[in-house]
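K.L.:
coords please:
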Amino acid sequence: MINVLAIDDSLTIREMVRETLNSAGFTVTTANDGEDGIEQFEKNRFDAVITDINMPRMDGFGVIERIRGGNSNTRVPILVLTTESGASLKERARKAGATGWIVKPFQDEGLINVVRRVTGAS
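P.N.:
Below is the predicted model of the structure:
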């Protein structure tokens, strides 16, 4: 079973990601901001993390930096899911350690395929 952590301050987006990935057989844990996401990440083993950029308490860049600078599971794939599409933000995320970038609104099949690809799920 592939476990995915989805971090977004929008309940609607969290539920859309959960429903989309659950329908493809993934297990999804959600978090409502970066701090909550890091707490969840430290408690459980995840095969992929999906994070928004613009969130209260800790933004997506902070999430990426905390995971990459942590003590465990530092090589987990991290996908950024955001309305932002600027090249400088993508570059900043890549330098922080993001694996990929998905612009909202996402296509269900596209999200599923990206998560399958980065986790090695068939």
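K.L.:
The spatially most central residue of the chain bridge partners, please.
P.N.:
Computing the C-alpha centroid of the chain and ranking residues by Cα atoms, centre = their mean puts residue 50 first, at 0.9 Å. Note on residue 50: beta-bridge partners by DSSP bridges are residue 6, residue 79.
K.L.:
Tell me the confidence at it?
P.N.:
According to the prediction, residue 50 has pLDDT 98.
K.L.:
I'd say it and residue 13 touch.
P.N.:
No: between residue 50 and residue 13 there is no contact under Cβ atoms under 8 Å: 9.6 Å. Any C-beta I mention is one placed from the backbone N, CA and C, and that applies to glycine too.
K.L.:
now the strands for this structure?
P.N.:
Assigned by DSSP state E, the strands in the chain fall at 3-7, 27-31, 48-51, 78-82, 100-103.
K.L.:
Quick one: distance of the last one to the chain centre.
P.N.:
The gap between where strand 100-103 is centred and where its chain is centred comes out at 9 Å by Cα atoms, centre = their mean, to the nearest Å.
K.L.:
let's number from 30 now, not from 1
P.N.:
Renumbered: residue one is now 30, and that last one reads strand 129-132.
K.L.:
give me the low-pLDDT residue ranges for this protein?
P.N.:
For the chain, the stretches with pLDDT under 70 are 151.
K.L.:
all helices for the protein, in order.
P.N.:
Ranges of helices in the chain, per DSSP state H, are 40-52, 63-72, 89-97, 116-125, 137-148.
K.L.:
Noted, bye for now.
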